[in-house]
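Novice: Fold the stuff below for me.
(chains A and B)
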Amino acid sequence: MSDESYDHAAIETRWQEAWDDAAVYRTPDDVEDPTYVLGMYPYPSGKLHMGHVRNYTITDAYARYRRMQGDDVLHPMGWDAFGLPAENAAKERDTNPRDWTFDCIDTMKGQMKSMGFGYDWEREIATCTPDYYKWNQWFFTRFYEEGLVERRDADVNWCPSCETVLADEQVEGEEELCWRCDNPVEQRELDQWFLQITDYSDELVDYIDELEGWPDSVRQMQRNWIGRQYGTRLPFDVTGPDGHDHGTVEAFTTRADTVYGATFFALAPDHPITEELVAEDDDVHEFVHHEADPDGDEPNGVETDLTATNPVTGEEIPVYVADFVLSDVGTGALMGVPGHDDRDHEFASKMGVDIAPVVAPDTGEDDGPEAPDVSESAFTDDGVLVNSGEYSGLDSESAREAITADTAGAEEATQYRLRDWGISRQRYWGTPIPVIHCDDCGPVMVPEEDLPVELPEFINTTGNPLDEAEEWKQTTCPDCGADAVRETDTMDTFVDSSWYFLRYVSPDLPDAPFDPARTNDWMPVDQYVGGIEHAVMHLLYSRFFTKALADYEGLEHREPFTNLLAQGMVQLEGEAMSKSKGNTVSPQRIVEEYGADTARLFMMQAAQPERDFDWTEEGVRSTYRFLGRLKDLVQSFDPDAGGSGDDPITDYVADEIDASVAVATEEYDDLTFNVALREAQELVGTLRQYRDYADPHPETFERGLAVAVRLLAPVTPHLAEELYDELGGDGFVAEAEWPSADVDRETAEKRRQLVENTREDVRQIVEVAGIENPERIDIVVTPEWKFDALGIAVESDADNLISELMGESHIREQGDAAASYGQDLQAEREALSMTLAPEDEYESLVAAAWLVEREFDASARVVRADEADDDVANTAEPGRPAIDIVE
RNA sequence: GCGCGGGUAGCCAAGCCAGGAAACGGCGCAGCGCUUAGGACGCUGUCCCGUAGGGGUCCGCCGGUUCAAAUCCGGUCCCGCGCACCA
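Specialist: Numbering: from 1, shown residues only, chains lettered A, B, ... in the order given. The predicted model follows:
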């Protein structure tokens, strides 16, 4: 076999079997607080795609790295196995969702194994098994007992194509499209089960600040979604022309300071008062049923014959019904302040309502604020109140507080955009909601001993199959024993994924959803990795569940995921891969052609995990060749041949090995695999040069190989095992110890910088001086007193550095040279920093001299200052040796 | 409109949180080497000027803080993402 390729298939199969046999990735129940590394479990759609491969390679590499660092690691995998696509697929193929799902799981599990992902398969879960979804039902009844579940008649998002309702979070964009099928969503009124996530609104939003291991973007998206706003609720008395009292209508406002500028009042088209008016007022009827366009950009409205009394001024203002007022925002009614709100301004201009300025820009001067001109557009900033009675002169902030405090019936109010989570779905392939409807008792929870309520056999029908499952549906009331029917709705599958990370801890526990002691020990998830598309829904629901379980089920953690990584997309020519575009790359094909290690390494080295990157076949081939070269390098190694190691090149290689470890370790810790891997690949390059240019010292060379293999092991586990074995390693590299370095990263990088700078200087001199054929290159290390002087200068805060330096006799006796260097130091003293120690600098240069010799084809000597001519040595500085080139 | 993130050499992109070297790396381009890993590999160059390591200019734009700014602060213009007749 040529070194262009290697028998990846044989190697990968061999080690996958060996890992299996040795249960390398098994996490025993008795380990203490393992590092919990988790990738978002996949929906079993049939085949792994590149997004999965990237996601799970990230977690696998990190899990392997932590294991080599000596941690116990929990790295499980499971299946988000309920959901509509299985139902659709079952219909198309004339099978049933269960069989189809388990077929898909089989296939995908096989593909995961062929990728070499090291999961503890004994913790595998599939949410469509009664053993799992029983606990969804159990949580539902527990939450019901705690008052976290409510059934209400609600306007819901209905997707006619999926024939089910959707949560607000599942409706996308201005066009309101279904997140799954991209069809327009309609509104329907249905009895629905809700989980009261809004009970946790404040905690969910407040605690975002603490989630420092999460990306800002996700944190911000959650803040936006919860949408908390502080304001004031103001009571407006609404009356009709005949004195007919419509009662008090509260309006929420964040700008109570503008209340003197309220020139109209507006009600939503479906507000209860509007509905009264529709019956008696033809104009209102006409508007509500024919003109109102809540989705349009134009604010439309109709004047009513009602008036509202401004609770602060006592003024009566006209009441409109307007389509931009939304019944589910605030109270469904608002005070219109056209002088200070853009939309109100547009509406007032259109309807001919007064526009009055009551807040002026704060000029910061004492001569009194001047009311802004609001005839053309509103002034929406905070400022100073004008035309506002006793409140004139106050700044907006103070005025809001004062008005709220002074006004009868007004109160501070907090508003949220977050709504309760409607979990009812009119589909078959989900967790049956464990409720029985009794004519006499109403909805009754299924008793715990009757759980799980298992799904009946699938019936291929157009509506909800559960509605057709008569035998299943008919039952008796647990309370009164009368004939009753089962709830036929199933749960949103996001219920399943809101706690699956707990189930992995004790997947087979028969009598509880999770083992409290072990879960408290093992949670939270240390590193969670998945797509940004779950920034709101899954992650918010999981946070909610965790908090509810902390309150009611003894979970001692209130946040599930400490660190979150939202991985970037795998693209092809800048575009997301998608089946519809037909620009996908099959992971299976890549594994067959190049092997899993190549696919994994290519992906991890291509970019930081959170960035998008382009898949390129050329990159894959180049990665494959690298692995082939590495394999060759290891196999050509002969421990019984080679030099004594008593040479500078060996020292250089030894330093580089340490440097690689120091850098790669830090980068693995930060999950910046691309940088860590570059380090590993450069080390392999260095070793190759070592082999080709010198007579390698077997022990150093072997250490280099062993280090390179380990640095790559988290990402290319199969070949790493093969080569580790080849090098005579004990056991598995997967369980081997992570290499340690003799240097810290800073020193290693200073060394590299010194060598690189010195070589660069030589190049410049050769070029600028036009030296054609250098014969000898002397690199003269700085005299020690200069290092001492630099050290003093860095530490010193004395005004006169020179005199402080001259206080040192061994510096003073350098005479003019000391004075001159002292002045240099004085000139840049604020920018000074410590270099390598003199001996370290000398040794680093000696070790690197061969690079200069090789590059310039001249002999290179590294000499100490006292061995060189003074006029050369004097130009040397710490970190910058003098250079003398002889032609 | 609101919020967040970002604008760095021909292109991609690190550095910014913790200010101190024309600013990591990759691609592309150019030169050299290679009894060889060959539609590769290694070395070097790639802002301008310079016959001994020097000088100039530079991180979207404008301004500020500082001995010192890609980095901190304010303003402004573009790009991306999320939310949005949200009161």
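
Novice: what comes up buried for stretch A:427-444?
Specialist: Using 16 or more other Cβ atoms under 10 Å as the test for burial, stretch A:427-444 gives A:427-438, A:444. C-beta coordinates here come from the backbone N, C-alpha and C atoms, glycine included.

Novice: Around RNA strand B, pick out the residues from the stretch 501-650 of chain A.
Specialist: A:Val536, A:Gln608, A:Arg611, A:Ser622, A:Arg625, A:Arg629 (Cβ under 7 Å from any atom of the strand).

Novice: Among those residues, name the buried ones.
Specialist: Using 16+ other Cβ under 10 Å, the buried members of those are A:Val536, A:Gln608, A:Arg629.

Novice: For chain A, name the helix or strand with the lowest mean pLDDT.
Specialist: Ranked by mean pLDDT, DSSP states H and E, the weakest helix or strand in chain A is strand A:575-576, scoring a mean of 76.

Novice: mind listing the strands for the stretch 551-700 of chain A?
Specialist: A:561-567, A:570-572, A:575-576, A:613-614 (DSSP state E, counting those that start in this stretch).

Novice: burial measure for the residue nearest to A:Val384 when sequence neighbours are not counted, as a count.
Specialist: What sits nearest to A:Val384 in space, not counting adjacent residues and going by Cβ to Cβ, 6 or more residues apart in numbering, is A:Pro369, at 4.3 Å. A:Pro369 has 20 neighbouring residues, counting by other Cβ atoms under 10 Å.

Novice: Wait, A:Pro369 touches A:Ser388, no?
Specialist: No: if you go by Cβ atoms under 8 Å, A:Pro369 and A:Ser388 don't touch, sitting 11.1 Å apart.

Novice: sorry, back to before: with pLDDT and distance to A:Thr616 as added columns, please give the buried ones among the residues of the stretch 501-650 of chain A next to RNA strand B in CSV.
Specialist: Shown next, in CSV, are those (pLDDT from 0 to 100; distance: Cβ to Cβ, whole Å):
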residue, pLDDT, distance to A:Thr616
A:Val536, 91, 33
A:Gln608, 85, 17
A:Arg629, 86, 19
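
Novice: in stretch A:646-663, what's buried?
Specialist: A:647-663.

Novice: repeat for stretch A:186-199
Specialist: A:Gln192, A:Trp193, A:Phe194, A:Leu195, A:Gln196, A:Ile197, A:Thr198, A:Asp199.

Novice: Repeat that for stretch A:26-35.
Specialist: A:Thr27, A:Pro34, A:Thr35.

Novice: With stretch A:536-554 instead?
Specialist: Those would be A:536-549, A:553, for stretch A:536-554 by 16+ other Cβ under 10 Å.

Novice: which one of the buried residues of stretch A:186-199 is nearest RNA strand B?
Specialist: A:Thr198 (13.4 Å; Cβ to the nearest atom of the strand).

Novice: Contacts for the biggest helix by length in chain A, please.
Specialist: Longest helix in chain A by number of residues (criterion: DSSP state H): helix A:745-768. Here helix A:745-768 makes contact (Cβ atoms under 8 Å, 6 or more residues apart in numbering) with A:655, A:658-659, A:662-663, A:666, A:741, A:743, A:771, A:774, A:777, A:779, A:835-836, A:840-841, A:844-845, A:848, A:851-852, A:855-856, A:879-881, A:883, A:885.

Novice: separation between A:Glu175 and A:Arg417?
Specialist: Distance, A:Glu175 to A:Arg417, by Cβ to Cβ, to the nearest Å: 19 Å.

Novice: Who has more neighbours out of those two?
Specialist: The neighbour count for A:Glu175 versus A:Arg417, taken as other Cβ under 10 Å, is higher for A:Arg417 (14 against 10).

Novice: residues contacting the closest residue to the more buried one other than its chain neighbours?
Specialist: Of all residues not flanking A:Arg417 in the chain, A:Gly227 sits nearest, at 2.7 Å (Cβ to Cβ, 6+ apart). Each residue near A:Gly227 by Cβ under 8 Å, 6+ apart is listed here: A:Gln415, A:Tyr416, A:Arg417, A:Leu418.

Novice: And these, which of them are buried?
Specialist: A:Gln415, A:Leu418.

Novice: ok, the contacts of A:Gly227 vs RNA strand B, which is closest?
Specialist: Once Cβ to the nearest atom of the strand is applied, the member of the contacts of A:Gly227 that ends up nearest RNA strand B is A:Arg417, at 4.6 Å.
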